[in-house]
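Chemist: A predicted structure for the sequence below; I have some questions about it.
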Amino acid sequence: MATQWGLCKSCKWWQIEPDAKIEDATLGLCIDETLQPFQLSVSGNSGCNKFMSGTPARGKGSADQPPTAEPAR
(Lines give C-alpha, C1' and ligand atoms only; values in the text may rest on other atoms or scores of the structure.)
Protein backbone atom coordinates (compact mmCIF):
# COMPACT_ATOMS: atom_id res chain seq x y z
CA MET A 1 0.00 0.00 0.00
CA ALA A 2 1.31 3.43 -0.89
CA THR A 3 2.12 5.82 1.92
CA GLN A 4 2.14 8.92 -0.26
CA TRP A 5 -0.87 10.87 -1.48
CA GLY A 6 -1.40 11.11 -5.23
CA LEU A 7 -3.90 12.02 -7.96
CA CYS A 8 -6.30 9.45 -9.40
CA LYS A 9 -5.31 10.21 -13.00
CA SER A 10 -1.91 8.61 -12.29
CA CYS A 11 -3.18 5.75 -10.11
CA LYS A 12 -3.60 2.09 -11.04
CA TRP A 13 -6.72 1.93 -8.82
CA TRP A 14 -8.64 4.41 -11.00
CA GLN A 15 -10.90 2.77 -13.57
CA ILE A 16 -12.34 4.80 -16.44
CA GLU A 17 -14.49 4.17 -19.52
CA PRO A 18 -12.75 2.28 -22.35
CA ASP A 19 -12.59 5.33 -24.64
CA ALA A 20 -12.13 8.03 -21.97
CA LYS A 21 -9.16 10.40 -21.96
CA ILE A 22 -7.05 10.64 -18.82
CA GLU A 23 -7.89 14.20 -17.74
CA ASP A 24 -8.68 16.14 -14.54
CA ALA A 25 -12.45 16.19 -15.19
CA THR A 26 -12.78 12.54 -16.34
CA LEU A 27 -15.02 10.55 -13.98
CA GLY A 28 -14.20 7.02 -13.02
CA LEU A 29 -14.41 4.40 -10.30
CA CYS A 30 -11.93 3.79 -7.49
CA ILE A 31 -11.13 0.07 -7.55
CA ASP A 32 -8.80 -0.12 -4.55
CA GLU A 33 -9.80 -3.41 -2.91
CA THR A 34 -10.69 -1.88 0.47
CA LEU A 35 -12.75 0.90 -1.15
CA GLN A 36 -14.67 -1.20 -3.73
CA PRO A 37 -17.73 -1.70 -1.46
CA PHE A 38 -18.29 2.08 -1.47
CA GLN A 39 -18.41 2.40 -5.31
CA LEU A 40 -16.55 5.72 -5.16
CA SER A 41 -16.91 7.94 -8.22
CA VAL A 42 -13.80 10.05 -8.53
CA SER A 43 -12.36 12.45 -11.09
CA GLY A 44 -8.84 12.47 -12.42
CA ASN A 45 -8.16 15.45 -10.17
CA SER A 46 -9.24 13.55 -7.04
CA GLY A 47 -6.66 11.83 -4.90
CA CYS A 48 -5.98 9.98 -1.67
CA ASN A 49 -3.41 8.08 0.38
CA LYS A 50 -4.29 4.74 -1.29
CA PHE A 51 -2.48 6.03 -4.39
CA MET A 52 -0.36 3.55 -6.31
CA SER A 53 1.41 4.85 -9.39
CA GLY A 54 0.30 3.17 -12.59
CA THR A 55 -1.93 3.24 -15.63
CA PRO A 56 -5.67 3.49 -14.91
CA ALA A 57 -7.79 0.41 -15.64
CA ARG A 58 -10.61 0.49 -18.21
CA GLY A 59 -14.16 -0.77 -17.92
CA LYS A 60 -17.55 0.05 -19.42
CA GLY A 61 -19.84 1.61 -16.82
CA SER A 62 -17.03 3.15 -14.76
CA ALA A 63 -18.45 6.67 -15.20
CA ASP A 64 -22.11 5.69 -14.66
CA GLN A 65 -23.84 7.23 -11.65
CA PRO A 66 -23.76 5.02 -9.64
CA PRO A 67 -20.94 3.05 -11.28
CA THR A 68 -22.08 -0.22 -12.92
CA ALA A 69 -18.65 -1.53 -13.95
CA GLU A 70 -16.98 -4.51 -12.34
CA PRO A 71 -13.45 -3.77 -11.06
CA ALA A 72 -10.90 -4.75 -13.70
CA ARG A 73 -8.12 -5.54 -11.22
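Modeler: Arrived safely, thanks for sending.
Chemist: got a list of what the residue lying closest to S46 once chain neighbours are set aside touches?
Modeler: Spatial nearest neighbour of S46, chain neighbours left out: C8 (4.7 Å); criterion: C-beta to C-beta, 6 or more residues apart in numbering. Using the backbone N, CA and C atoms, a C-beta is placed for each residue, glycine as well. C8 makes contact with W14, G28, C30, V42, S43, G44, N45, S46, G47, C48, F51, P56, according to C-beta atoms under 8 Å, 6 or more residues apart in numbering.
Chemist: Who is the third one paired with across the strands?
Modeler: Beta-bridge pairing of C30, defined through DSSP bridges, involves W14.
Chemist: And the pLDDT at it?
Modeler: C30 carries a pLDDT value of 98.
Chemist: low-confidence ranges in this protein?
Modeler: Low-confidence segments of the chain (pLDDT under 70): 1-3.
Chemist: From the centroid of it, which residue is nearest?
Modeler: W14 (1.9 Å; C-alpha atoms, centre = their mean).
Chemist: On the three-state scheme, the closest residue in space to G59 that isn't next to it in sequence is what?
Modeler: Spatial nearest neighbour of G59, chain neighbours left out: A69 (3.9 Å); criterion: C-beta to C-beta, 6+ apart. Secondary structure, DSSP: H, G, I helix; E, B strand; the rest coil: A69 is coil.
Chemist: The one 3 residues further on now?
Modeler: On the three-state scheme (three-state DSSP), A72 is labelled coil.
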